[in-house]
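Asks: Build me a model from this:
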Amino acid sequence: MADDRGNPERTWPGSTLLGSLGSADRSALLMAGTEVPFRDGKRLIVQGSADDHAYLLVRGMVKVALRDHNGRSALLGIRVAGDLVGEMGALDGTTRSADVTASGDVRLRVLRAAELRDLSLRKPEIALGISRMIAGRLRWANQRRLDFTARDPRARVARILYEVIRAYGSNRRTHWELGVELTQPEIASLAATSVRTMEKELRRLYDDGVLVRRYRGIHVVDLDTLQQIAEV
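Replies: Below is the predicted model:
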């Protein structure tokens, strides 16, 4: 199995914790903890549990979702290689606030709470990077609240697709791929709308030539128009 601990200079997305750090601090994080694999669909973190470790994603991606008392789930966000998940429980000792599930096969490093705190004390840039990461997630959540009150469903759906592409997408010359597999209920959840309304808005985007349907995914063929609709 390939080991990224020996390759701290691998390109990590700039929006992730590893992407925001210098070489020495990336190496320190990649050497910390113990590497574990998780299969597609496996829960890394269970909402309400009291474990206190964090996970550093090395390969693949995970989905963060919140369950209500009826067991219904709402997607809150996506985390990719270079991201840290479970840091709140590790740093403040609270129970888990959401489920984190592997989307595809993933590789992670498990960092015990004491180890993460020690790293943060010894490496101020890591502590600052974690603070920036948490602040970025808070801004994202606040933007979703603003979108719900200030924008119509069409703009909200378009904005989710646009932001996913900007964060994870791939330019294939003739189109953009989202870079992550999202079900229609997951898109609806992120856009704070019903599945029925989300389907209606997707059809409008297809009819307007902004999107095209593809097997197991959505391709964006007019990113500029999508951006305008998203009001970004």
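
Asks: From residue 57, how far out is residue 162?
Replies: If you measure residue 162 against residue 57 using Cβ to Cβ, to the nearest Å, the figure is 23 Å. (Glycine included, C-beta is placed from N, CA and C.)

Asks: Between the two, which has more neighbouring residues?
Replies: Comparing residue 162 with residue 57 by other Cβ atoms under 10 Å, the one with more neighbours is residue 57, at 26 against 21.

Asks: For that one, list each beta-bridge partner.
Replies: Residues in a beta bridge with residue 57, per DSSP bridges, are residue 108.

Asks: List the residues that contact it.
Replies: Contacts here follow Cβ atoms under 8 Å, 6 or more residues apart in numbering; on that basis residue 57 touches 79, 80, 81, 82, 83, 84, 85, 106, 107, 108.

Asks: again, but for residue 116
Replies: Listed by Cβ under 8 Å, 6+ apart, the contact set of residue 116 reads 32, 54, 87, 90, 91.

Asks: and if we set it to 10 Å?
Replies: 29, 32-33, 52-54, 56, 84, 86-87, 90-91, 126-127, 130 (Cβ atoms under 10 Å, 6 or more residues apart in numbering).

Asks: ditto for residue 100
Replies: Applying Cβ under 10 Å, 6+ apart, the residues contacting residue 100 are 38, 42-47, 55, 57, 62-65, 76-77, 79, 85-86.

Asks: what about 7 Å?
Replies: Residue 100 makes contacts with 43, 44, 45, 62, 64, 85, 86, as judged by Cβ atoms under 7 Å, 6 or more residues apart in numbering.

Asks: try residue 48
Replies: Contacts of residue 48 were listed using Cβ under 7 Å, 6+ apart, and they are 95, 96.

Asks: domain ranges for this protein?
Replies: For the chain, automatic domain parsing gives the domain ranges 4-146, 151-230.

Asks: Now mean pLDDT too, for those domains, in CSV please.
Replies: CSV is the format used below for the domains of the chain (pLDDT from 0 to 100):
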stretch, mean pLDDT
domain 4-146, 90
domain 151-230, 92
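
Asks: Now the longest helix anywhere in the chain: buried residues?
Replies: Assignment by DSSP state H gives helix 124-150 as the longest helix of the chain. Using 16 or more other Cβ atoms under 10 Å as the burial criterion, the residues of helix 124-150 that qualify are 126, 127, 129, 130, 133, 137, 144, 147.

Asks: Which secondary structure elements does it sit against?
Replies: When contacts are defined as 3 or more Cβ pairs under 7 Å, 6 or more residues apart in numbering; DSSP states H and E, helix 124-150 packs onto helix 23-31, helix 113-122.
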